[in-house]
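Colleague: Sequence and predicted structure, then a few things I'm wondering about:
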Amino acid sequence: MKHREIKELPTKELVERYKEEKVKLTKVKFNNAVARIEQPHKLKQSRKIIARMLTEMNSRRIENELKATENKDEK
């Protein structure tokens, strides 16, 4: 999932996909611990997707906080 695709997602769907990806990463980590997985790059790929999602969620949170502060200052 590219950063551009993540930016286009609504916030609610972004949070849902983040949760799904975290579960997927946990499963892949467990499978890797039990027996080596065939595609170890999936771990790195999943971590990167999660990081991109967190970055986008944090930027949206900061943006909303700034808007709220600006609106509060105008009144």
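Modeller: Cool, the structure landed.
Colleague: The residue most central in space within the chain and Gln45: what is the separation?
Modeller: In the chain, the centroid-proximal residue (C-alpha atoms, centre = their mean) is Met53; its distance is 2.2 Å. From Met53 over to Gln45 the distance is 13 Å, taken as C-beta to C-beta, to the nearest Å. Every C-beta, even on glycine, is put in place using the N, C-alpha and C of the backbone.
Colleague: still on that earlier bit, ok, now how distant is the residue nearest to the centre of the chain from Glu13?
Modeller: From Met53 to Glu13 the distance is 11 Å (C-beta to C-beta).
Colleague: Also Glu5?
Modeller: For Glu5, the distance to Glu13 - C-beta to C-beta - is 11 Å.
Colleague: what's the pLDDT at Lys2?
Modeller: We have a pLDDT of 87 for Lys2.
Colleague: What does it show for phi and psi?
Modeller: In terms of degrees, to the nearest 10, the main-chain angles of Lys2 are phi -80, psi 160.
Colleague: That one: neighbour count?
Modeller: 9 (other C-beta atoms under 10 Å).
Colleague: Count residues in the vicinity of Tyr18, would you?
Modeller: Using other C-beta under 10 Å as the criterion, Tyr18 is surrounded by 19 other residues.
Colleague: What separation do you get for it and Ile37?
Modeller: Note on Tyr18: its distance to Ile37, by C-beta to C-beta, is 22 Å.
Colleague: Equivalent analysis for Arg47, please.
Modeller: For Arg47, the distance to Ile37 (C-beta to C-beta) stands at 14 Å.
Colleague: again, but for Val23
Modeller: As judged by C-beta to C-beta, Val23 and Ile37 stand 16 Å apart.
Colleague: out of the two, which sits in the busier spot?
Modeller: When Val23 and Ile37 are compared for neighbours, Ile37 comes out ahead with 14 against 10, by other C-beta under 10 Å.
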